[in-house]
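> quick one, structure for this:
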Amino acid sequence: KTANDPSKDLYANGLSGEFGSPLMEWLRPFLPDQVEVVLLFENPVPFLEAMYPDALIVHQMPGAFSRPPYPHTIQFDPAGLFKRSALYSAMEALDATDQALQNVRVFAEQTRSALISSPFEVSHEHKSFFGRGRRYLLPLQISAHYAFQQDTNFENQVSLIAAACELIDPDDSLLITEYSTGPYAEKVCTPDLLRVLRDKRPHIVFDPNASTINSVSQHILPNVDGVITASSSLAAQGLAWDHEIRILGDTHLAHLDSDVIGSDTQRLSALKYMLGKNQPLASAVTTDGKFLTHLLEEMHARRGLPPAERCVDLASIDPDYWSRLNAGFRPDKVDPALQRSKVKQKRVSAFERILKADNIRLVSFDLFDTLIKRPVENPADVYALLELRLKDKGFEIPLNFADARLAAELDDADEREYFLSIIATN
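Alright, predicted model coming up:
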């Protein structure tokens, strides 16, 4: 029993499950009788909710917009996470009549600008799998996460891929990315799996190079038409684009599906609630004591309200909040591996153009120290080795052959172009 992760049971069953009541009884002697505020990170805690019914319990996890180039935001939810969250309740009863959307519109514009300037380009050898139809991004998640297990009804990421394949048309493309961040990386797109998938859906695109870049999925948004997911924050990020959003299953993201919120006003209203009430700047709650104190006091006063109304308008605490948020984009913090990937793709594209040029009749390659390894310390040592071997075989060779051969090479070192006739003469 101690080897099991209790998170799924706590999230699904609360105190009535296997772990809730035992954890509460075990913890009771170690905890104070009363607390006013509990701050925790990404774990369901029905035992604390039962022990401290009058306390404000704030559930935190990375915000949908938390990784560079976005501002660093954090979900700060007074009701719970996923389908227990105030955010879920707010999206379920979204108020799309709000016309004061200029600040969030600026955020969406900056989002598009930041990612258009740092896109991930699929490697040349994988582009051939794209079809003629729409292009969808499928960002895979963590199969072992308690919310994925409880809310999605998918056993693993492979079953998620299969469901996404059934959702698209035959000419559409499905660009898959794996969750490759930190110790929870889950890599499932093996050559065998891709072969099986492409037997039914030929336009499955997977670039292994993408798995070497942190948060790569958000950098693919400029180059796709839609996002398909069950639980990824890419659905929320897709609201900042004119992208089709398809949610697989009745998850905490179900209300973001394009069939539910399809208009520009609805999308921006959803973003406004997330960014303006539910997911503050991390710096505001970690380094700004006045802001944090005001926020917690206001949340504490709202404990008895419906979940969606427990979140506080962050601009009511700081009138300049939206300016702070929109000034917080971090393009300089994007994973350097993305830039290296872009440089590599540019070189490949340039080389391809050269090979296709009409005036190119012959291409030669330097194989040494790349395809063929030199078993010598210095390249010029090959000439001395050649001299010895020719002598051993009885050939008459010029005196100081190795020195002469190296000198001939150095004499031509200032030539801008080399031709076969020059090489043969030397």
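
> quickly find the element holding the residue nearest to residue 24 when sequence neighbours are not counted.
Sequence neighbours aside, residue 47 is the residue nearest to residue 24 in space, at 3.7 Å (criterion: Cβ to Cβ, 6 or more residues apart in numbering). Backbone N, C-alpha and C define where each C-beta goes, glycine included. If you go by DSSP states H and E, residue 47 is part of helix 46-51.

> for residue 60, see how far away the residue nearest to residue 24 is.
Noted for residue 47: a distance of 18 Å to residue 60, by Cβ to Cβ, to the nearest Å.

> who has more neighbours, those two?
Between residue 47 and residue 60, counted using other Cβ atoms under 10 Å, residue 47 has the larger neighbour count: 23 against 18.

> for the most centrally placed residue in the chain, give me its contacts.
Nearest to the mean C-alpha position of the chain, counting by Cα atoms, centre = their mean, stands residue 215 at 2.6 Å. By Cβ atoms under 8 Å, 6 or more residues apart in numbering, the contact list for residue 215 reads 67-68, 181, 335.

> the same query, at a cut-off of 7 Å, please.
Contact analysis of residue 215 by Cβ atoms under 7 Å, 6 or more residues apart in numbering lists 67, 335.

> which phi and psi does it have?
When read as degrees, to the nearest 10, the backbone of residue 215 gives phi 60, psi 40.

> isn't residue 252 right up against residue 83?
Yes: counting by Cβ atoms under 7 Å, residue 252 does reach residue 83; the two are 4.7 Å apart.

> common neighbours of those two, please.
With Cβ under 7 Å, 6+ apart, residue 252 and residue 83 have common neighbours residue 151.

> quick one: which of these two has more around it?
residue 252 (23 against 19).

> list the contacts of that one.
Residues near residue 252 by Cβ under 7 Å, 6+ apart: 82-83, 85, 88, 151.

> go again with 10 Å.
80-85, 87-88, 91-92, 147, 151-152, 230-231, 235 (Cβ atoms under 10 Å, 6 or more residues apart in numbering).

> list phi and psi for it.
phi -70, psi -10.

> for burial, what's the neighbour tally of the closest residue to it other than its chain neighbours?
Excluding the flanking residues, the one nearest residue 252 by Cβ to Cβ, 6+ apart is residue 82, at 4.2 Å. A count of nearby residues for residue 82, using other Cβ under 10 Å, gives 23.

> buried sites along the one helix or strand residue 194 maps to?
Assigned by DSSP H and E, residue 194 belongs to helix 191-200. Residues of helix 191-200 classed as buried: 193-194, 197 (neighbour count, 16 or more other Cβ atoms under 10 Å).

> and the contacts of whichever helix or strand comes after it?
Following helix 191-200 in sequence order, the next helix or strand is strand 204-205 (DSSP H and E). By Cβ under 10 Å, 6+ apart, the residues outside strand 204-205 that reach it are 122, 126-131, 135-138, 161, 164-165, 173-177, 189, 193-198.

> coming back round to it: now, which of the buried residues of helix 191-200 sits nearest residue 270?
Among those, residue 197 lies closest to residue 270 (Cβ to Cβ), at 31.9 Å.

> give the contact list for the closest one.
If you count contacts by Cβ under 10 Å, 6+ apart, residue 197 has them with 158, 161-162, 165, 174, 176, 189, 203-204, 206.

> the residues you listed: which two are farthest apart?
158 and 203 (18.0 Å).

> who's more crowded, these two?
Neighbours per residue (other Cβ under 10 Å) separate residue 158 from residue 203, with residue 203 holding more: 23 against 17.

> so who does the more buried one touch?
128-133, 135-136, 165, 168-175, 197.

> what secondary structure does the closest residue in space to it that isn't next to it in sequence sit in?
Excluding its sequence neighbours, the residue lying closest to residue 203 (Cβ to Cβ, 6+ apart) is residue 131, at 3.6 Å. Recorded secondary structure, residue 131: coil (DSSP: H, G, I helix; E, B strand; the rest coil).

> let me know how buried residue 131 is, in neighbour terms.
For residue 131, the count of nearby residues is 18 (other Cβ under 10 Å).

> what about the longest helix in this structure?
helix 336-356 (DSSP state H).

> re the thing from before, pretty sure the residue nearest to residue 203 contacts residue 198?
No: Residue 131 is beyond contact range of residue 198, at 11.3 Å (criterion: Cβ atoms under 10 Å).

> what about residue 45, neighbour count?
Per other Cβ under 10 Å, the neighbour tally for residue 45 reads 20.

> wouldn't it be in contact with residue 59 here?
Yes: taking contacts as Cβ under 10 Å, residue 45 lies within contact range of residue 59: 8.2 Å.

> roughly how far apart are the residue nearest to the centre of the chain and residue 70?
For residue 215, the distance to residue 70 equals 9 Å [Cβ to Cβ].

> and the longest helix of the chain, which residues are buried?
Of the residues in helix 336-356, 338, 341, 345 count as buried by neighbour count, 16+ other Cβ under 10 Å.

> what helices or strands is that helix leaning on?
Using 3 or more Cβ pairs under 10 Å, 6 or more residues apart in numbering; DSSP states H and E as the contact test, no helix or strand touches helix 336-356.

> give me the pLDDT value at residue 420.
The per-residue pLDDT reported for residue 420 equals 58.

> residue boundaries of the strands in this protein?
Remark: strands assigned in the chain by DSSP state E are 37-41, 56-62, 74-77, 135-139, 173-177, 204-205, 226-229, 244-247.

> for residue 302, find the nearest of the ones you listed.
Closest approach to residue 302 among these is made by strand 56-62 (8.7 Å; Cβ to Cβ).

> just give the closest residue to residue 21, not the sequence neighbours.
Of all residues not flanking residue 21 in the chain, residue 15 sits nearest, at 5.3 Å (Cβ to Cβ, 6+ apart).

> distance check, the one you found against residue 25.
Residue 15 is 11 Å from residue 25, where distance means Cβ to Cβ.

> can you pull out the helices in the stretch 201-350 of the chain?
For the stretch 201-350 of the chain, applying DSSP state H, counting those that start in this stretch gives helices covering 234-238, 264-273, 282-286, 289-301, 314-317, 321-326, 336-356.

> starting at the chain centroid, how far to the longest helix of the chain?
On the basis of Cα atoms, centre = their mean, to the nearest Å, helix 336-356 is displaced by 22 Å from the centre of the chain it belongs to.

> CA atoms only: put that helix into CSV for me.
In CSV, the C-alpha atoms belonging to helix 336-356 read as follows (Å, rounded to 0.1, in the frame of the first residue of the first chain):
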residue,chain,number,x,y,z
PRO,A,336,19.0,27.8,-26.8
ALA,A,337,18.5,24.3,-28.4
LEU,A,338,15.7,25.9,-30.4
GLN,A,339,18.1,28.4,-32.0
ARG,A,340,20.6,25.6,-32.7
SER,A,341,17.9,23.6,-34.4
LYS,A,342,16.9,26.7,-36.6
VAL,A,343,20.5,27.2,-37.6
LYS,A,344,20.8,23.5,-38.6
GLN,A,345,17.6,23.6,-40.7
LYS,A,346,18.9,26.8,-42.5
ARG,A,347,22.1,25.0,-43.3
VAL,A,348,20.3,21.9,-44.6
SER,A,349,18.0,24.1,-46.7
ALA,A,350,20.9,26.1,-48.1
PHE,A,351,22.8,22.8,-49.0
GLU,A,352,19.6,21.5,-50.7
ARG,A,353,19.4,24.6,-52.8
ILE,A,354,23.0,24.3,-53.9
LEU,A,355,22.6,20.6,-54.9
LYS,A,356,19.5,21.5,-57.0
